[in-house]
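Trainee: sequence first, then the predicted structure, then my questions.
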Amino acid sequence: NSTSCIRVKIPSVHVELKPGDLIEIFRSCYQHWAIYVGDGKVVHLAPPCEHPMDGVASVLAALSDRAYVKRDRLEDVVRKDRYRVNNKHDETHPPLPVSKIVRRAQELVGREMPYNLTSHNCEHFVMELRYGVAMSDQ
């Protein structure tokens, strides 16, 4: 059942995840964002070279103008990085219904989308899914 809660353990961190939660992943010099869709999976917007996203790959990703919507296991996206649930705009922007968030996220998987570090990045993508408004503090 993709709408049930799941407890995920990643390097000694227990986080209670609910479908529709925003996941903030702390990479070495930026944050990557994903949205939890259930069953240990997340949907995220990733430039073609998002993996492994270290050194030169992160520079190339920042310069990319296209990205792909991917559905991956949370542990594969997080790898060894620290992460947290960060539904930071819930008080100022009511989240959309969970069923709509998850359905919209799943429908976008596999699509190529425009990518811009300042105006349409992975944070904009998940914020629009959760709140209906694309925004980023990065």
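Mentor: Cool, got the structure. Numbers count the residues shown, from 1 in each chain.

Trainee: starting at the chain centroid, how far to stretch 38-47?
Mentor: Distance of stretch 38-47 from the chain centroid (CA atoms, centre = their mean, to the nearest Å) equals 6 Å.

Trainee: assign the spatially most central residue of the chain to helix, strand or coil.
Mentor: Nearest residue to the geometric centre of the chain (CA atoms, centre = their mean): Ala34, 0.9 Å. Under DSSP: H, G, I helix; E, B strand; the rest coil, Ala34 falls in the strand class.

Trainee: now swap in Glu91 and tell me
Mentor: Following three-state DSSP, Glu91 is assigned to coil.

Trainee: now do the phi/psi pair for it.
Mentor: Backbone torsions of Glu91, given as degrees, to the nearest 10, read phi -70, psi -30.

Trainee: beta partners of Phe26?
Mentor: Beta bridges link Phe26 to Gln31, Arg82, judged by DSSP bridges.

Trainee: that one: neighbour count?
Mentor: Phe26 has 13 neighbours, counted by other CB atoms under 10 Å. C-beta: built from backbone N, CA, C; applies to glycine.

Trainee: now do the contacts for it.
Mentor: Phe26 makes contacts with 81-83, as judged by CB atoms under 8 Å, 6 or more residues apart in numbering.

Trainee: now tabulate those in a markdown table and tack on distance to Asp90 and pLDDT.
Mentor: Conversion of the contacts of Phe26 to a markdown table gives the following (distance: CB to CB, whole Å; pLDDT from 0 to 100):
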| residue | distance to Asp90 | pLDDT |
| --- | --- | --- |
| Asp81 | 24 | 94 |
| Arg82 | 21 | 94 |
| Tyr83 | 18 | 95 |
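
Trainee: where do the strands sit along this protein?
Mentor: Ranges of strands in the chain, per DSSP state E, are 6-10, 13-17, 22-26, 31-38, 41-46, 66-73, 82-85, 112-114.

Trainee: which of those sits closest to Ile101?
Mentor: For the strands of the chain, proximity to Ile101 was assessed by CB to CB; strand 31-38 is nearest, at 7.0 Å.

Trainee: alpha carbons of that closest one, as CSV, please.
Mentor: C-alpha atoms of strand 31-38 as CSV (Å, rounded to 0.1, in the frame of the first residue of the first chain):
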residue,chain,number,x,y,z
GLN,A,31,20.7,20.1,-0.7
HIS,A,32,18.9,17.7,-3.0
TRP,A,33,15.1,17.3,-2.5
ALA,A,34,12.7,14.5,-3.1
ILE,A,35,9.1,13.6,-2.2
TYR,A,36,8.2,10.4,-0.4
VAL,A,37,5.6,8.4,-2.3
GLY,A,38,5.4,5.3,-0.1
